[in-house]
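[1] Provide a 3D model corresponding to the input given below.
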Amino acid sequence: MVLAKGEAQAAGATAEGDTGVTAAAPVVEHPPAMPVERPPPPKRNWVPVITLGAASAVWLGVGIGMTVASRNARRDADGHRAEIRQVHARCIEPPSDLIDRCRDVEREAGRAARFGTVSVVGYAVSGALAIAAATYALWPQRAASTGRALRVLPQRYAGGGGVFVVGSW
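    Model prediction:
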């Protein structure tokens, strides 16, 4: 192996006619350090947030509408009850002329209960969808990957070479 004059002197050989190389440390060449460029984070997809928010608003509207309907049905049932009480009767054993009004009280009270149940479900679903939208919007994004999990770097030595493998995940 023939080394250039500067390399031979660095390896310990004399410049005057000495062609041999004395024992020296292997020459290692490292690739130049390259700055690590991180790709910008991907843009957030806002379609799920908008969709979840809109669905939450719809269910909130269902909850509010059913609350209003439940209160109206309860008010109607209370009005029928008040009419029955005005004639000093009750619906436990109503007189024959009040049977229809007692059925109206039962029907309106049942509607009020059903509307109330649907309103509670509407509020619960609306809240769950709003939480899901906020979670998606505020959750930290994963940085975009470079697509390389392993990096293979060549290494050259005076008497040979090798490979240096760097992993990232």
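[2] Give me the buried positions along whichever strand or helix holds Ala130.
    Per DSSP states H and E, Ala130 falls inside helix 99-138. Neighbour counts over helix 99-138 (16 or more other Cβ atoms under 10 Å) mark 101-102, 104-105, 108-109, 111-112, 115-116, 118-119, 122-123, 125-126, 129-130, 132-133, 136 as buried. The way it works is simple: take the backbone N, C-alpha and C, and place the C-beta from them, glycine included.
[3] Kindly report the same for stretch 76-93.
    Buried, per 16+ other Cβ under 10 Å, within stretch 76-93: 76-77, 80-81, 84, 89, 91.
[4] any idea how far the residue most central in space within the chain is from Leu129?
    When Cα atoms, centre = their mean is applied to the chain, the residue found nearest the centroid is Tyr136 (3.7 Å). Here the criterion is Cβ to Cβ, to the nearest Å. By it, Tyr136 lies 11 Å from Leu129.
[5] any common contacting residues for these two?
    In terms of Cβ atoms under 8 Å, 6 or more residues apart in numbering, Tyr136 and Leu129 are both contacted by the residues Leu52.
[6] Was I right to think Arg151 contacts Val165?
    Yes: proximity of Arg151 to Val165 meets the contact threshold set by Cβ atoms under 8 Å, at 7.2 Å.
[7] Give the rounded mean pLDDT of stretch 138-145.
    For stretch 138-145, the mean pLDDT works out to 73.
[8] rewinding a little: any chance of TSV for the buried residues of stretch 76-93, columns secondary structure and pLDDT?
    Converted to TSV, the buried residues of stretch 76-93 look like this (DSSP: H, G, I helix; E, B strand; the rest coil; pLDDT from 0 to 100):
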residue	secondary structure	pLDDT
Asp76	helix	93
Ala77	helix	93
His80	helix	89
Arg81	helix	90
Ile84	helix	88
Ala89	coil	83
Cys91	coil	83
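[9] from these, which two are the most distant?
    Farthest apart among the buried residues of stretch 76-93 by Cβ to Cβ are Asp76 and Ala89. That separation is 18.4 Å.
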